[in-house]
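Q: The following block contains a protein sequence and its predicted model.
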Amino acid sequence: MSDTAKLATGSISGHLVRQTAPMLFGIAAIMSIGIVDAYFIGQLGSRELAAVSFIFPITIALSSLGVGVIAGISSVVSRALGSGNPGRAQQLGNLGMAIAVGFGLLVAAALYLVKGPLFELMQADDELLPLIDAYMTPYALGFPLLLANMGGNGVLRGQGAAKRASALLLAFAGANWILDPILITGVGSFEGFGVAGAAYATIAGWAIGTVLAIGLVQSSKIKINPACLTAAGWASGVGSLIRVGGPAALSNAINPVGLSILTAFLARYGQDEVAGFGAAGRLQSFAVVPMLGLSSSIGAIVGQNWGAGQTGRARKALVQSIGFCLVYGLLVAAILVLARDWLGGFFSEDAAVLDALSRYLLIAAWGFAGYGVLVVVNGAFNAIDRASLALGQSAARVFLVMVPFAWLAGTVLGADAIYAGELAANIIGGLGAAALACYMMRR
């Protein structure tokens, strides 16, 4: 066992708290970007809020590619450290960051070319398409900065450097908080850029985070050093990273793809329903932050212990994490349901939008615990090189439960079928993930 595998000894619960606590702040900061965007864009009008409601699931899906980058790099780095090979960990970390940037450039080009037809396919109204394009054009061009940022984050997480990884997230979220009101609604004689201003603020945050990522990685035990990338190491490393990062990216992207389909279903019921769903989705994203933080931190803990051959400790970490998701998820659902009308007032004064937001929380919030269980189990599976299982259960949740339920129940429940479909998917997905984890982690 390597001396750098610090998570393979000591209290499991202590490691979970120490690794998750910093990530709570970082992920909360990232999720708050969507809420802050929605707040200031909501001041522009319900039409603008509806436009970003179409945009939201797409940007989350694209951000999930960054989550896959983090998962892939963190998994291979943590297992290399756990097996006592820090040199290999450095090689894989450098390779992962290089692949992240190259992949970001390819995605940016593809997004720029298909952004128009994509939102037409999602049934966005003609009056919304110019607003959507004003946001998505700069977003696409700046996207490689996000993946560069996430590559550095993965290297830090694989080492168990949760505080540094969290600092990256806080940095680019903080820049977004400051710039949003200036660039969206304007200040003084400056009128702002409207919806496009939210994209400009996001890109500025990514740029700041990328610069910080380079500095933090350089000051860690795994430094940026292209000379360590040999031809043999490149060939084997690419396979290891893709084997985890590819399915992890797809697994994380599947949920927002499902939300995009639900948004297209909702478009049949009008812009107000879409706007309410979009605003509620931002509340949901913020509410599940502790569970997302846990899913981020459990990878390094499980990965280092699995690499060191200490499977019992890896199982214990997962069991404790699932228990937390159940308790926290039900508690936060109760709070959201009770406060749903008050919370809605932060996003809109339109009665129809507020009604849609309220109905979403009343129905869907009770499934948040199941969603937490699913993402935590997926984080553990990614860490032990079982990313294909994480991908499979994520796909089944969306395409075998969420979408069919929402479609078939629509004739009876109307728009509420969309929210009920998400509830059913989270409950069934959480139960299935827990059962699969019990089977896989005992082997």
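A: The structure has been received and is ready for your questions.

Q: Can you pull the poorly scored residue ranges out of this structure?
A: Counting by pLDDT under 70, the chain has low-confidence residues at 1-8, 23, 31, 227-236, 245, 348, 441-443.

Q: middle-most residue in it, spatially?
A: residue 64 (5.1 Å; Cα atoms, centre = their mean).

Q: How about it: what's its closest non-neighbour residue?
A: If the residues on either side of it in the chain are set aside, residue 64 comes closest to residue 252, at 3.5 Å by Cβ to Cβ, 6 or more residues apart in numbering. From N, CA and C alone the C-beta is placed, and that goes for glycine too.

Q: what sits against that neighbour?
A: 64-65, 67-68, 71, 378, 394 (Cβ atoms under 8 Å, 6 or more residues apart in numbering).

Q: farthest pair in these?
A: Using Cβ to Cβ, those span at most 15.1 Å, a distance reached by 65 and 378.

Q: can you map out the helices along the stretch 51-200 of the chain?
A: All helices of the stretch 51-200 of the chain, identified by DSSP state H, counting those that start in this stretch, fall at 86-121, 129-158, 162-180, 195-218.

Q: Show me what counts as buried in the shortest one.
A: Using 16 or more other Cβ atoms under 10 Å as the test for burial, helix 162-180 gives 162-176, 179-180.

Q: same deal with the first one?
A: Applying a neighbour-count criterion of 16+ other Cβ under 10 Å, one finds 86, 88-100, 103-104, 107-108, 111, 115, 118-119 buried in helix 86-121.

Q: picking up where we left off before, quick one: work out the angle between whichever strand or helix holds the residue nearest to residue 64 and helix 86-121.
A: In the assignment (DSSP states H and E), residue 252 maps to helix 231-266. Helix 231-266 runs at 30 degrees relative to helix 86-121, counting by axes from the mean of the first three to the mean of the last three Cα atoms, to 10 degrees.

Q: do you know how far the residue nearest to the centre of the chain is from residue 315?
A: 27 Å (Cβ to Cβ, to the nearest Å).

Q: cool, and residue 330?
A: 24 Å.

Q: before we move on, what about residue 53?
A: 40 Å.

Q: So those two - more neighbours on which side?
A: Between residue 53 and residue 315, counting by other Cβ atoms under 10 Å, residue 53 is the more crowded of the two (29 against 20).

Q: quick one, what contacts that one?
A: Here residue 53 is in contact with 263, 274-275, 277-279, 281 (Cβ under 8 Å, 6+ apart).

Q: residue farthest from the centroid of this protein?
A: Distance to centre of the chain, Cα atoms, centre = their mean, peaks at residue 189 (36.5 Å).

Q: so residue 38 touches residue 347, yeah?
A: Yes - between residue 38 and residue 347 a contact is recorded at 5.7 Å, counting by Cβ atoms under 8 Å.

Q: Now do the shared contacts for these two.
A: Joint contacts of residue 38 and residue 347 (Cβ under 8 Å, 6+ apart) are 49, 279, 282.

Q: count of residues packed around the first one?
A: If I follow you right, that is residue 49. A count of nearby residues for residue 49, using other Cβ under 10 Å, gives 27.

Q: Tell me the secondary structure of it, please.
A: At residue 49 the chain is in helix, as set by DSSP: H, G, I helix; E, B strand; the rest coil.

Q: which ones are touching the nearest residue to it once chain neighbours are set aside?
A: Counting by Cβ to Cβ, 6+ apart, residue 275 is the residue found nearest to residue 49 once chain neighbours are left out, at 4.5 Å. Residue 275 sits next to 46, 49-50, 53, 348, 350, 353, 356 when contact means Cβ under 8 Å, 6+ apart.
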